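Visitor: Have a look at this prediction, sequence included:
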Amino acid sequence: MTSRLGNFTFAAVLLAGALQPVHAQGPEEYRALARDILTELVAFETTEEAGHTVEAAEAVARRLLAAGFPEEDVRILGPRPELGSLVARYRGDGTGGRPIVLLAHVDVVPTVAELWSTDPLKLVERDGFYYGLGVGDDKSGVTSIVTNFLRWKGEGWVPSRDLIAVVSADEESNWESMPWLLEHGPWIREAAFVLNADVGYGTSREGTPSIFWVDAAEKVYADYRITATSVGGHSALPGSE
């Protein structure tokens, strides 16, 4: 999976317009921080088979706690110990209404390392692109949300409403995390709406936002079992059974 340099900051572009942080353009230290976070996340093999989504969530949690987020506002929760999602609350002053959820998933689809020209678990920059497993889907989204949380906290920005970061664990497989979090997790049901980093993104030209795509709907997970009882025949002329 590849991603254009800078494209992983699409959430920052969106949130700059929607939530009005202190500065519209991040300083270089936050760009470096974003790359550091993305590098760390790519190194976790977060496929369903390998696991490690909890370790990735814990890495994000450590950064938030080190930045001064209270322990009660940074939680790792899930239906099973090995299927934990990060839920973190950035508290506002309460004047703007119900919270906004910022959502991204840290798990990735399986891959075959031998088919890569680079190490899939190592972030590589080449010819204006980042290469690494999950860079585009959706560790870039996680990186955007976490970097913004850290930046806003460091700058002392207080939003008018609470912001809830959710880093889910299994979007690419059984999709157990979100239904469980909606039922058992804190704060999410309070939200007015969700900004999902996985279903809309923007591009920029020389640092100026040029377009932003928005999805009107998104897939859900479902299993189907089909049983055929006919004796068979040509598909265009089925039998009477």
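Guide: Yep, that arrived.
Visitor: Which element is encountered next along the chain beyond the helix or strand of the chain with the lowest mean pLDDT?
Guide: Every helix and strand of the chain was ranked by mean pLDDT, DSSP states H and E. The lowest is helix 10-19, at a mean of 33. Using DSSP states H and E, the helix or strand that follows helix 10-19 towards the C-terminus is helix 28-42.
Visitor: Next secondary structure after that next one?
Guide: Per DSSP H and E, the first helix or strand lying C-terminal to helix 28-42 is helix 53-66.
Visitor: which secondary structure elements does that following helix contact?
Guide: Contacts defined by 3 or more CB pairs under 8 Å, 6 or more residues apart in numbering; DSSP states H and E place helix 53-66 against helix 28-42, strand 74-77, strand 85-90, helix 140-155, strand 163-168. For every residue, glycine as well, the C-beta is placed using N, CA and C.
Visitor: I'd like these laid out as a markdown table, including distance to residue 182.
Guide: Output for these, formatted as a markdown table (distance: least, CB to CB, whole Å):
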| stretch | distance to residue 182 |
| --- | --- |
| helix 28-42 | 24 |
| strand 74-77 | 11 |
| strand 85-90 | 11 |
| helix 140-155 | 19 |
| strand 163-168 | 10 |
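Visitor: out of the ones you listed, which comes closest to residue 224?
Guide: Smallest distance to residue 224 across those (CB to CB): 23.6 Å, for strand 163-168.
Visitor: Pick out the residue nearest the middle of the chain.
Guide: In the chain, the residue lying closest to the centroid (CA atoms, centre = their mean) is residue 104, at 1.9 Å.
Visitor: can you pull the contacts of that one?
Guide: Contact analysis of residue 104 by CB atoms under 8 Å, 6 or more residues apart in numbering lists 11, 138-139, 141-142, 144-145, 166-168, 196-198.
Visitor: Quick check: neighbours of the helix or strand harbouring it in the sheet, parallel or antiparallel?
Guide: Using DSSP H and E, residue 104 sits in strand 100-105. Strand 100-105 has its sheet partners listed here by DSSP bridges as strand 163-168 (parallel), strand 193-196 (parallel).
Visitor: picking up where we left off before, export the helices and strands packed on helix 53-66 to JSON lines and tack on distance to residue 178 and mean neighbour count?
Guide: Below are the helices and strands packed on helix 53-66 laid out as JSON lines (distance: least, CB to CB, whole Å; neighbours: other CB atoms under 10 Å):
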{"stretch": "helix 28-42", "distance to residue 178": "19", "mean neighbour count": "18"}
{"stretch": "strand 74-77", "distance to residue 178": "11", "mean neighbour count": "18"}
{"stretch": "strand 85-90", "distance to residue 178": "8", "mean neighbour count": "24"}
{"stretch": "helix 140-155", "distance to residue 178": "14", "mean neighbour count": "23"}
{"stretch": "strand 163-168", "distance to residue 178": "6", "mean neighbour count": "25"}
